[in-house]
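> What shape does this take:
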Amino acid sequence: MKSLTELWFNASLELGALCHVSTSRDYKTVAVRFEHEGLSFLTITLPQFGKDFEKSLAAGHVGHDSFAGFRRMSGLPRFLGGFLDRVFDRSSGRLLDVPCMDSIYAVRQLTLMFGKISVRCSDAREQGALRKFIECEQDVRHSDRNMPEDLITEFSSMSLRLFGDVLALADLAVYEGTLTPKHGPGKTADKLSGNRKFNQREWTRRLESIFPYGDNAIPNWRFNYLLDSVRILEPRDERAVKVTLVPKTLKTPRIIAIEPTCMQYMQQAIAEHLVRSLEGDFLPFSLIGFLDQTPNQRMAQEGSVTGGLATLDLSEASDRVSNQHVRAMLKHFPHLSEAVDATRSRKADVPGHGVIRLAKFASMGSALCFPIEAMVFTTIVFMALERVHKRRLTLKDVSLFRGKVRVYGDDIIVPTDSMVTVIDLLEAFGLKVNVDKSFGTGKFRESCGKEYYDGRDVSIVRVRSVLPSSLSDVDEVISTVSLRNRFYEAGLWRTAHWMDTWIEPLLGGKYPYVNSDSPVLGRVSFVGFDTGRIERDAQYPQVKGYCVVAKPPPSKTSGEALLLKWFLKRGDKPFADRDHLIASGRPKSVTLRLRWARSA
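Now for the predicted structure:
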């Protein structure tokens, strides 16, 4: 863990030289507090300093309640004071007329770089996250009970105007039975994986009423004898989604819900059709994104310059979308509404709390969570815009908001003059806006992993894992090489060089210069790449180095299941893996192998 403070020290030296600032006292503060507070200082305390810094940029001054836990001198903290003096006036705490862009980047890099390191948090924090999951469910129920009927009617009307054509196409596809199911790559609640998913023998009565097992889960009706072994579950017997925790930050874990195989199988069919239609329909495509984050990022950059666009971020976004919202959105499309309801899990098994009935539409883990929540958020945004403009918006009016409104997951961009109304209406629907990551004043904007100040990209390099101690720490080695290359590409070359001195001994000197798309674990350089030999047939340069080897686990199943897999394959190209019939699914582990491979 101490290597992380060494990394911080080297980054601070380089950024201090860039801004002509001494960071020696800052490093002493980090070293002492890390000694007493441990990893939480880097992963919780420093990121909170960074969030307060961003809020101060947005507000135009440093608030009295900002930077708690750090000593002040006049209006600013002493910690990183050299950088802060180039951004704010120390006596008044006000933002300078022309703040130093490099110092803004430096403060963000030095305070936020460890904020999302993937480390398992304490048991107490995990239990707290599960309690918040239960409390969130109670909040959704409370919101449903207190939602005015006229607001739901307005929501239904607006969603019909925005997405009527898309939903009508999906409704028709359900009616005609043209949706094609597929399996996702992740885990399932009934623990089927790889090829065994195609041999599922559990279905629900609700699914059977609209997606018959015989039409979707066997190769064709010549194999109807397989129906004899299928267990059709009544609603009371349905398998609950399995709520589980995965590492996110040291402050709090990420909560996901693992769906039963049959549910995610048909969710994928509906989700694929919805996403394809939304991406293909010109109007929704300009408002919603699923595959490309760059429009959101460009709009965030524009908003940081003009101030005309605000960026919003939602907390617990997936868990706060009520099933009642979704029913209202789909009520004019009976076949699609029934299909979505049939593929929705109604119960969740929460560790320490037992099985609970769900009021939310779906947690992260459902294939329908992402497209459905995006449509819900977009609908609420345009309801708010109607209030701002004090009239009913037509489709022509909606089209005028291209480039002014966009939703990608829980990242929302709206006109700044509508921000307050949008937030109020989102919260009226039981959603929760993350005020620490929402910006509508000042020149700082953030969306989809990119941050800008006055048009300049001040996005940082984040550390995703602890540094490895040996070559056997495979995941950490891979992450650290990636981190080194991201530092290099960000222009922090001195920091990248220090990381080279850390990585090269781990790899036994096999640490060549490579292009960014090389399969070899190596250092990226703008100068060039190493060539050890030329491949004889394709005539491309090769170098000897460590490559990541990840083999799918053995996964044998019946011939009927494999035939179904072939029928469900998308596209004309053959399966990427020749051995997919006997090995399939996510690799359980990865290893490093020393071999010759392409360097460019």
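
> Quick one: neighbours of the closest residue to residue 164 other than its chain neighbours, just the number.
Of all residues not flanking residue 164 in the chain, residue 332 sits nearest, at 7.6 Å (CB to CB, 6 or more residues apart in numbering). For every residue, glycine as well, the C-beta is placed using N, CA and C. Neighbour count for residue 332, taken as other CB atoms under 10 Å: 16.

> can I assume residue 332 sits in a strand?
No: counting by DSSP: H, G, I helix; E, B strand; the rest coil, residue 332 is not found in a strand; it is coil.

> mind listing what it touches?
156, 160, 164, 167 (CB atoms under 8 Å, 6 or more residues apart in numbering).

> Verify the contact between residue 598 and residue 545 for me.
No: Residue 598 is not in contact with residue 545 according to CB atoms under 8 Å; the separation is 10.5 Å.

> Pull up the overlap in contacts between those two.
Common contact partners of residue 598 and residue 545 (CB under 8 Å, 6+ apart): residue 520.

> Please compare those two by neighbour count and tell me which comes out ahead.
residue 545 (25 against 18).

> next structured bit after the helix or strand of the chain with the lowest mean pLDDT?
Every helix and strand in the chain was compared by mean pLDDT, DSSP states H and E; the lowest is helix 282-287, with a mean of 81. The helix or strand immediately downstream of helix 282-287 is helix 294-306, counting by DSSP states H and E.

> what's that next one in contact with?
Counting by CB under 8 Å, 6+ apart, 289, 308-311, 403, 406, 408, 411, 413, 416, 443-457 sit against helix 294-306.

> May I have stretch 551-560 as PDB, with CA atoms only?
Once non-C-alpha atoms are left out, stretch 551-560 reads as follows in PDB (Å, rounded to 0.1, in the frame of the first residue of the first chain):
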ATOM      1  CA  LYS A 551      -9.300 -19.300 -21.400                       C
ATOM      2  CA  PRO A 552     -13.000 -19.800 -21.100                       C
ATOM      3  CA  PRO A 553     -13.900 -22.600 -18.600                       C
ATOM      4  CA  PRO A 554     -14.900 -26.100 -19.800                       C
ATOM      5  CA  SER A 555     -18.600 -26.000 -20.600                       C
ATOM      6  CA  LYS A 556     -20.000 -29.100 -22.200                       C
ATOM      7  CA  THR A 557     -23.700 -29.600 -22.800                       C
ATOM      8  CA  SER A 558     -26.200 -31.500 -24.900                       C
ATOM      9  CA  GLY A 559     -26.300 -31.500 -28.700                       C
ATOM     10  CA  GLU A 560     -29.800 -29.900 -28.700                       C
END
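
> Against which helices or strands is the top helix by length along the chain packed?
Ranked by number of residues, the top helix in the chain under DSSP state H is helix 149-176. Judged by 3 or more CB pairs under 8 Å, 6 or more residues apart in numbering; DSSP states H and E, helix 149-176 is in contact with helix 261-280, helix 282-287, helix 323-330, helix 334-342, helix 369-389, helix 395-399.

> Could you pull up the mean pLDDT of the last one?
Mean pLDDT, taken over the full extent of helix 395-399, equals 90.

> Which residues in it does the neighbour count mark as buried?
Residues of helix 395-399 classed as buried by neighbour count (16 or more other CB atoms under 10 Å): residue 398.

> next structured bit after that helix?
Counting by DSSP H and E, the next helix or strand C-terminal to helix 395-399 is strand 406-408.

> Extract the CA atoms of the helix or strand following that next one and return them as CSV.
The first helix or strand that comes after strand 406-408 along the chain, using DSSP H and E, is strand 411-415. Presented in CSV, the C-alpha positions along strand 411-415 are these (Å, rounded to 0.1, in the frame of the first residue of the first chain):
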residue,chain,number,x,y,z
ASP,A,411,-25.6,11.2,-17.1
ILE,A,412,-28.1,13.9,-18.2
ILE,A,413,-27.4,17.1,-20.0
VAL,A,414,-30.0,19.9,-20.1
PRO,A,415,-30.1,23.7,-20.8
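
> what about stretch 354-370, distance to the chain center?
Distance of stretch 354-370 from its chain centroid, counting by CA atoms, centre = their mean, to the nearest Å, is 17 Å.

> Show me which residues of that stretch are buried.
Within stretch 354-370, the residues that qualify as buried are 356, 358-370, counting by 16+ other CB under 10 Å.

> now stretch 97-116
99-116.

> cool, and stretch 533-547?
In stretch 533-547, counting by 16+ other CB under 10 Å, buried: 541, 542, 543, 544, 545, 546, 547.

> Tell me which residues are up against the helix or strand harbouring the fourth one.
Taking DSSP H and E as the criterion, the element that holds residue 544 is strand 541-549. Applying CB under 8 Å, 6+ apart, the external contacts of strand 541-549 come out as 474, 478, 507, 510-512, 514, 518-522, 529-535, 590-600.

> Go through those and flag which are in strands.
Mapping these onto strands (DSSP state E) picks out 514, 533, 534, 591, 592, 593, 594, 595, 596, 597, 598.

> Could you list the low-confidence segments of the chain?
1 (pLDDT under 70).

> one step back: any chance you could read off phi and psi for the residue nearest to residue 164?
phi -90, psi 0 (degrees, to the nearest 10).

> and residue 530, how far is that from residue 549?
From residue 530 across to residue 549, the span is 21 Å (CB to CB, to the nearest Å).

> Comparing these two, which residue is more hemmed in?
It is residue 530, of residue 530 and residue 549, that has more neighbours when counted by other CB under 10 Å, with 20 against 14.

> Residue 543 versus the more buried one, what's the distance?
Going from residue 530 to residue 543 by CB to CB gives 5 Å.

> Report the set of residues contacting both of these two.
Among the neighbours of residue 530, those also in contact with residue 543 (CB under 8 Å, 6+ apart) are 512, 514, 522, 599.

> Adding neighbour count as columns, could you present the residues you listed in CSV?
Listed next are the shared contacts of residue 530 and residue 543 as CSV, based on neighbours: other CB atoms under 10 Å:
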residue, neighbour count
512, 20
514, 25
522, 27
599, 24
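
> Considering those residues, which is situated nearest to residue 127?
Distance to residue 127, by CB to CB, is smallest for residue 522 among the shared contacts of residue 530 and residue 543, at 42.4 Å.

> ok, that closest one - contacts?
481, 511, 512, 513, 514, 529, 530, 543, 545, 599.

> Once you drop chain neighbours, what's closest to it?
Spatial nearest neighbour of residue 522, excluding adjacent residues (CB to CB, 6+ apart): residue 514 at 3.6 Å.

> Am I right that the one you found is in contact with residue 524?
Yes: judged on CB under 8 Å, residue 514 makes contact with residue 524 at a distance of 6.7 Å.

> Could you report the neighbour count for the closest residue to residue 492 other than its chain neighbours?
Counting by CB to CB, 6+ apart, residue 492 lies nearest to residue 14, which is 5.6 Å off, once chain neighbours are set aside. Residue 14 has 22 neighbours, counted by other CB under 10 Å.

> And for the one 3 residues further on?
Residues contacting residue 17 under the criterion other CB under 10 Å number 12.

> separation between it and residue 496?
Applying CB to CB to residue 17 and residue 496 gives a distance of 14 Å.

> Assumed residue 136 was part of a helix.
Yes: per three-state DSSP, residue 136 lies within a helix segment.

> Next, the contact list for the residue nearest to residue 133 when sequence neighbours are not counted, please.
Closest residue in space to residue 133, ignoring its immediate chain neighbours: residue 255 at 5.5 Å, by CB to CB, 6+ apart. Neighbouring residues of residue 255 by CB under 8 Å, 6+ apart: 129, 130, 133, 243, 244, 245, 319, 363, 364.

> Torsion angles phi and psi at the fourth one?
Backbone torsions of residue 243, given as degrees, to the nearest 10, read phi -80, psi 130.

> Tell me what it is bridged to.
Note on residue 243: beta-bridge partners by DSSP bridges are residue 257.

> Ok, the last one next?
Per DSSP bridges, residues listed as beta-bridge partners of residue 364: residue 366.

> close enough to count as contact, it and residue 318?
Yes: with contact defined as CB under 8 Å, residue 364 reaches residue 318; the gap is 4.7 Å.
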